[in-house]
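1. Next input, structure requested:
(chains A and B)
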Amino acid sequence: MTSSYAEAPRERGLRAAVRRTRGLRSGRGLPFVLPYLPFLIAFGLAPMIYAVKLAFTNDEGSWTGLHNFTRTVDDYRFGPAFKHIFVYTGVWLGALVVFVVVLALLLHGRANRVSTSFRFLFYIPGALAGAASVLVWLFMLDPSVSPGAFLLHHVLGANLFVESIAPGHLPFIFAMIAFWTGAGGWIVVMYGALNTIPPDLEEAARIDGAGPIAIALRLKLPLIRKWIAYMVILSFATGTQLFVEPQIVNQASLGLVPDTWSANQLAYQKAFRYADFNAAAAIAVDLLVIGLFAAVLIVTRTGLFRTED
Amino acid sequence: MRGFEGSAAVRSRWRRPSWTILTSLAVIAIAVTVSACGGSSDSGSTSSQAATASKSSSAKSGPASGDLTVWVDSVRLPVAKAYAKAHPNVHLKIVTFDGDANGATTLQTKIQLWNRSGKGWPDIIFSEQVNDPVWMAKKPFEYAAPVKGLVPDNALSQWPAPSTAQCTIDGTQYCVQDNLAQVVLWVNQKLMHRFGYDVPTTWQEWAALGQKVATEHPGYIIGNSGDSFSHWVYLWSGQCPLQQLKSDKVVINSTDGHCTRMASLLDPLIKNGTVPPLSVFTPDFAKKYGGAKDKVLLMPGPSWYATALFHDTLHIPAGQITAAMPLKWESETPVTTGQVGGGPWIISRHSKNLNAAGDFVTWATTVFNDNRPGYPAYAPLADRWLQGLADDSYFAADPTPALKGAANLIWKGWNLVTYPDQPVWSNTVVTKLVAGKPLSSLLQPLGDGLAHAAEAAGYQVDRQ
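-> Now for the predicted structure:
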């Protein structure tokens, strides 16, 4: 992300050559994608097309244009829900990128044994499935039982569970839960990415007089740029689609946290409480568009799919 | 357990509103699924006695049999189990769920799903949410079956008129209330004696006592304001018009004099710590005020607090608690009180076994009396239940006169609507009370929130 790469004009010729061989390659790749294809269609594309269809029609199936979109935007819960998920995604993504990359780089610089045990430590929380990890956090956030009670008291000013989950704290708390459960897996992935860097490159840099910090920032970081972009795309979609954390905290707090805290929850409520599947689909399509937009932006900015470099 | 590098993919799948999510949530919601079938050999005297009584009081078309699925909250689990024991011919499947407590919308989402899939409806549902039958009787849910013909007429006529009214939607009765949930003033007689205080009879005396307690015995409380239903205790009692149905409109006037005067009365007490904005069902509350600490001096609350809260949750020792009549506003008459719960039994119109379903509901509401948690709505059973309570050594004095006296005082100006109002109270008021804002400043947002919820549920709103 700090890297700036000037493209030499001759690379354009190279790229044309790559394009020529691509037709051949995609044929060869097909058997590898084939097992995944039915699942992609059944659980990815088909529901997406169905959602798009629902979003532009009413419950009788006739075309309504953007009506479902405008009326969901006008819903009094729409604004707050989207505001919540954007604050949350911002906080979480920022923390994720910075900490995951820094920790992975630090791990990679360590002696092997130390780094193995740390990798394991980082990964452990991720072994808990989504909902279970939130349940763990319900205890972590309750000052009367939490091992981090002094932190809750000094950082959040909370002496009671209801104070821990005050509305202003929620985006940060959910970000903390998501980071704790998800970051470990990504650190391991980044570590794997760092291992693909040929050791002679590192050695050459060292001979040229680069210290560990220079190697990390000027050599390793640019080389795992695509991995970071990949993480950001997936995590952005995950972040804006937040559901499990607020849903469980809603139940655990006896309703203090609204059941439409996130956009995804609002869609869920629209569908299953108000039987308004068209409105729910419209919100789902909003989320899809946001996710796609972010993905396109990141892909074009980082050259994620460029194969020649 | 997640795969090695697939962790992100798995995680993102978690967040999508896919069927995986829905089923996982169902698993969370349905905490326990108990399949209680057949009778055991040690059926106690109560059960067999109950079974005979059931036969005499219930349906015309022979003893109940066949398959029956019932959804209950954890509090109603014993009655379902007892029914299964007393009726070996009925193959009962019991599912416990959150009971829609605190304004959750579990049932709405589940019934939506069953309606869409065209199967899966349980025969009977118990809901903690007294307003649930209102939407269950209407489109698009249309789950509830009229109870007439399923519960015998001579039994139906024994429910108090206000209770029947709460179950009657557009002229048809769709449910029977399990219990009445009238608000009374719970009193810790032992503490009151020790401190030399008199039991207040008006809200003003109660508030004055709160000021006194704050200075003389700080740490003790005379109520609480942090439950999802605290507005039913204070604002319903105080005749604050937050949901009045007038023809097709909901009248919401959260800044009516009845609301503001109660808010001004409560504010100093919330501030001085004698009416903390905490829920009685949180571990924090039990830790600060329950058990050995024993710091609940007074507590306006529903009839079912008797054992469910004081004994089972807060573990307050025997010989301390009793009930007093609901507080009145100065010398205003008639005295009115609030209601917290009064959960209904609803029979499914999709049921294949309506005969057994009717028998179950009749038995649960008119016969079952063994460790019953709440004041029975069915009047003849209420007398027997109250007798049991009067003889119960747990109470410092007989709480039954107050409970019986309050049963008919529930203010009728609070109508049941299709949307739950508790989440609005919790989100807009309780969270702010916790943050130190006065209740008086939150009445306007409360009204706005309720108006939003009403409009989203399809009501026309009349804000005054």
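2. and residue B:243, how many neighbours?
-> For residue B:243, the neighbour count with other CB atoms under 10 Å in any protein chain shown is 21. Just so you know, the C-beta spots here come from the backbone N, C-alpha and C atoms, and that holds for glycine as well.
3. Let me know the pLDDT of it.
-> Model confidence at residue B:243, given as pLDDT, is 93.
4. is it true that residue B:460 touches residue B:248?
-> Yes: in this structure, residue B:460 is within contact of residue B:248 by CB atoms under 8 Å, at 5.8 Å.
5. Can you list the residue ranges for helices in the stretch 151-300 of chain A?
-> Assigned by DSSP state H, counting those that start in this stretch, the helices in the stretch 151-300 of chain A fall at A:161-164, A:170-195, A:199-207, A:212-214, A:221-223, A:225-240, A:244-252, A:263-272, A:277-302.
6. Quick check: which element contains whichever residue of the stretch 51-200 of chain B sits closest to chain A?
-> Relative to chain A, the nearest point of the stretch 51-200 of chain B is residue B:109 (3.6 Å; CB to the nearest CB). Element membership of residue B:109, judged by DSSP states H and E, is helix B:106-117.
7. residues making contact with that helix?
-> Helix B:106-117 is contacted from outside by A:268, A:271-273, A:275, B:22, B:26, B:29, B:97-98, B:100, B:120-121, B:125, B:127, B:129, B:132, B:135-136, B:140-143, B:350, using CB atoms under 8 Å, 6 or more residues apart in numbering or on different chains.
8. chain center to stretch B:105-115, what's the gap?
-> Centroid separation for stretch B:105-115 versus its chain: 20 Å, with CA atoms, centre = their mean, to the nearest Å.
9. could you give the mean pLDDT of it?
-> For stretch B:105-115, the per-residue pLDDT averages 90.
10. What residue in the stretch 151-300 of chain A comes nearest to chain B?
-> Counting by CB to the nearest CB, the stretch 151-300 of chain A gets nearest chain B through residue A:185, at 3.0 Å.
11. Report how many residues lie close to that residue.
-> 26.
12. what does the one 5 residues further on give?
-> Burial measure for residue A:190: 24 neighbouring residues, criterion other CB under 10 Å.
13. doesn't residue A:104 make contact with it?
-> Yes: at 3.5 Å, residue A:190 and residue A:104 qualify as touching, with contact defined as CB under 8 Å.
14. tell me, what's touching those two both at once?
-> With CB under 8 Å, 6+ apart, residue A:190 and residue A:104 have common neighbours residue A:224.
15. which residues are in contact with whichever strand or helix holds residue B:194?
-> Using DSSP H and E, residue B:194 sits within helix B:189-195. Helix B:189-195 is contacted from outside by B:198-199, B:213, B:216-217, B:220, B:294, B:297-298, B:319-322, B:396-397, using CB under 8 Å, 6+ apart.
16. List buried residues within the residues you listed.
-> Buried subset of those (neighbour count, 16 or more other CB atoms under 10 Å in any protein chain shown): B:213, B:217, B:220, B:294, B:297, B:298, B:320, B:321, B:322, B:396.
17. Tell me which of these fall in strands.
-> B:298, B:321, B:322 (DSSP state E).
18. okay, these in a markdown table with distance to residue B:368 next?
-> Converted to a markdown table, those look like this (distance: CB to CB, whole Å):
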| residue | distance to residue B:368 |
| --- | --- |
| B:298 | 31 |
| B:321 | 24 |
| B:322 | 25 |
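19. out of those, who's nearest chain A?
-> Among those, and counting by CB to the nearest CB, the member closest to chain A is residue B:298, at 21.7 Å.
20. surely that closest one meets residue B:205?
-> No: taking contacts as CB under 8 Å, residue B:298 lies outside contact range of residue B:205: 10.6 Å.
21. which non-adjacent residue is nearest the spatially most central residue of chain B?
-> For chain B, residue B:341 is the residue whose C-alpha lies nearest the centre (CA atoms, centre = their mean; 2.3 Å). Nearest residue to residue B:341 in three dimensions, chain neighbours excluded: residue B:181, at 4.0 Å (CB to CB, 6 or more residues apart in numbering or on different chains).
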